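Asks: Could you look at this predicted model? Sequence included:
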Amino acid sequence: MSGSPPPSGGFVRRIGLFQATAINMSQMCGIGPFVTIPLMVAAFGGPQAVIGFVAGALLALADGLVWAELGASMPGSGGSYVYLRQAFQYRTGRLMPFLFVWTAMLFIPLIMSTGVVGFVQYLGYLAPGMGQTTGDLIGLCIVALVVLLLWRGIEHIARITAVMWAVMITSVVLVILAAATDFSAHLAFTYPAHAFELTSSHFWLGFAAGLTIGIYDYLGYNTTAYMGAEIKDPGRVLPRSIVFSILGIMAIYLLLQIGTLGVIDWHRMTDPGDIASTSVASAVLEKTWGKGAADTVTVLILVTAFASVFTGLLGGSRVPYDAARDGVFFRPYAKLHPKHRFPMLGLATMGVVTAIGFLIGRHTDLATLIQLLTTVMVIVQALAQVVALSVLRKRQPDLHRPYRMWLYPVPSFVALAGWLTIYGYADKNSPGRHPIEWSLAWVALGCVAFVVWARLEKVWPFGPKETSEEYLAAPAPDAEPDAEPAGA
């Protein structure tokens, strides 16, 4: 058992609070709300779809507090990998961190691929004659450009991210302002009969589908946790970047959703032949400020979508690095670029998977793709991490915790209930797709891969069970001697 400080792994702590919050918000917003507002309306069957974004925000905030405590206590590269490795090593060795990396190498880039799908979808507003093949080629070029821009030092990336964050804020603010100039309360707040009938199974099916879409839109509040080894004063910056980004995006989403419903009749959003079902923000601008303004803001939305993919691959590419460095994943992933100090193979692999996922997403239903991605993530990451927080409080009570979850364990229970709702309703909201079965099959395949890997590496269950509590005695990185803790 080791009590030495965790190695830096060659990363440099250069990202402050503003840049960290910008990275999270850019990843959270992206193209998500611009393509999922019609999906949310279809799930609920009317303007009461706002419930989905509120429920998603509450789940994101509860789960974000889990991330905040874990990230502040163990600010290493890899996020969930680090937390699951520390929490579950006592009983199952390296199984849980191995399964997380196994799954993250799939679900992180596939989530990014939905952003590229949305990019091409909105590009269709500017180029309505664009064919399927042309759209496919453009999407692949976008993925290649993201990887090329990420192939550099983190200090340059932080500046690029700040610019993209400003563009993201500009695009959503313009859509919100445009909606406010022609807002109709009658459109926004006239609900179908039985819209809030809580005893109806239809309502709860819609709620579960809306919660899934909502949390998908908020995903990204944890991006900087994957980059914990590159965050200045992570005990203070990480929790604040998570909470600030969730609250900021929640305000943006609610204004965007309500404003859009007050301009565009919700029935148009559910009509596959209407532009409002694929490019609803552009439809709002066209109706309020004219075609020229719609074209301009659509360009900004495209930049926003690009920024989301950019920041997602930035954080996600760090996940396999820490695992490989610890001997829990394929060893070539432990290599950093000799000059710019970023994980080359992790970035390249996730870029390829993103490209493949984009091509798949172009030929399937976006809502179903979101459902499939979410169910895989729920088992290995979301539920496991809620448990990990409680396990670590019991197993490592002396762990330095500059932030402790407010009202513990209430947020943990809220997060647990939300994730179980999403998972339990997955098959009902995707008839014929069987997302639960696919997620269980993927985890089972990962368990087989772990057994093979453990046999080759001669680790538990084929060797001694090793535990390493390197964060237990580690000094707080970049901490001020008299700094106040980030939370109670």
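Replies: Okay, I see it.
Asks: contacts, neighbours, all on C-alpha from now
Replies: OK.
Asks: so who does Leu137 touch?
Replies: Not one residue lies near Leu137 by Cα atoms under 8 Å, 6 or more residues apart in numbering.
Asks: can you do 10 Å?
Replies: Val120, Leu359 (Cα atoms under 10 Å, 6 or more residues apart in numbering).
Asks: Quick check: next helix or strand after the helix or strand harbouring Met40?
Replies: In this assignment (DSSP states H and E), Met40 forms part of helix 32-44. The helix or strand immediately downstream of helix 32-44 is helix 50-73, counting by DSSP H and E.
Asks: packing partners for that next one?
Replies: Judged by 3 or more Cα pairs under 10 Å, 6 or more residues apart in numbering; DSSP states H and E, helix 50-73 is in contact with helix 32-44, helix 80-92, helix 201-218, helix 234-261, helix 384-395, helix 410-424.
Asks: okay, those helices, which one's buried deepest?
Replies: helix 32-44 (a mean of 25; mean count of other Cα atoms under 10 Å).
Asks: how big is the angle separating that helix from helix 234-261?
Replies: Relative orientation of helix 32-44 versus helix 234-261 (axes from the mean of the first three to the mean of the last three Cα atoms, to 10 degrees): 60 degrees.
Asks: just the angle between helix 32-44 and helix 201-218, please?
Replies: Using the same axes, to 10 degrees: helix 32-44 against helix 201-218 is 170 degrees.
Asks: how far does helix 32-44 sit from the chain's center?
Replies: What separates the centre of helix 32-44 from the centre of its chain is 17 Å, taken as Cα atoms, centre = their mean, to the nearest Å.
Asks: related to what we said a few turns ago, can you say which of the helices and strands packed on helix 50-73 is nearest to Val319?
Replies: Nearest of those to Val319, taken as Cα to Cα: helix 80-92 at 7.0 Å.
Asks: Now the element after the longest helix belonging to the chain, going C-ward?
Replies: With secondary structure taken from DSSP state H, the chain has its longest helix at helix 95-126. Tracing the chain C-terminally past helix 95-126 and defining elements by DSSP H and E, one meets helix 132-150 next.
Asks: buried stuff in that next one?
Replies: Buried residues in helix 132-150, counted by 16 or more other Cα atoms under 10 Å: Gly135, Asp136, Gly139, Leu140, Ile142, Val143, Ala144, Val146, Val147, Leu150.
Asks: can you check stretch 451-458 too?
Replies: For stretch 451-458, by 16+ other Cα under 10 Å, it's Val451, Trp453, Ala454.
Asks: In this structure the second one contacts Val328, no?
Replies: Yes. The pair Trp453 and Val328 passes the contact test of Cα atoms under 10 Å, sitting 8.9 Å apart.
Asks: and which of the buried residues of stretch 451-458 is nearest to Ile31?
Replies: Trp453 (37.9 Å).
Asks: Residue ranges in the chain under the pLDDT threshold?
Replies: 1-11, 153-158, 340, 432, 473-488 (pLDDT under 70).
Asks: how about a cut-off of 50?
Replies: Applying pLDDT under 50 to the chain picks out residues 1-8, 480-488.
Asks: where do the contact lists of Trp453 and Val328 overlap?
Replies: Joint contacts of Trp453 and Val328 (Cα under 10 Å, 6+ apart) are Phe98, Val459.
Asks: okay, now Met105: neighbour count?
Replies: 18 (other Cα atoms under 10 Å).
Asks: re the thing from before, could you export the buried residues of helix 132-150 as JSON lines, including distance to Leu302?
Replies: Converted to JSON lines, the buried residues of helix 132-150 look like this (distance: Cα to Cα, whole Å):
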{"residue": "Gly135", "distance to Leu302": "14"}
{"residue": "Asp136", "distance to Leu302": "16"}
{"residue": "Gly139", "distance to Leu302": "12"}
{"residue": "Leu140", "distance to Leu302": "15"}
{"residue": "Ile142", "distance to Leu302": "11"}
{"residue": "Val143", "distance to Leu302": "13"}
{"residue": "Ala144", "distance to Leu302": "16"}
{"residue": "Val146", "distance to Leu302": "13"}
{"residue": "Val147", "distance to Leu302": "17"}
{"residue": "Leu150", "distance to Leu302": "18"}
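Asks: farthest-separated two in the residues you listed?
Replies: So, those by Cα to Cα: farthest apart are Gly135 and Leu150, at 23.0 Å.
Asks: where along the stretch 301-450 of the chain do the helices fall?
Replies: With DSSP state H, counting those that start in this stretch applied, the stretch 301-450 of the chain shows helices at 319-325, 344-362, 366-377, 384-395, 410-424, 426-429, 435-457, listed in chain order.
Asks: Which of the ones you listed sits closest to Leu99?
Replies: helix 435-457 (5.9 Å).
Asks: and the closest one, how far from the chain's centre?
Replies: Worked out by Cα atoms, centre = their mean, helix 435-457 lies 23 Å from the chain centre.
Asks: Equivalent analysis for stretch 206-217, please.
Replies: Relative to its parent chain, stretch 206-217 has a centroid offset of 14 Å by Cα atoms, centre = their mean.
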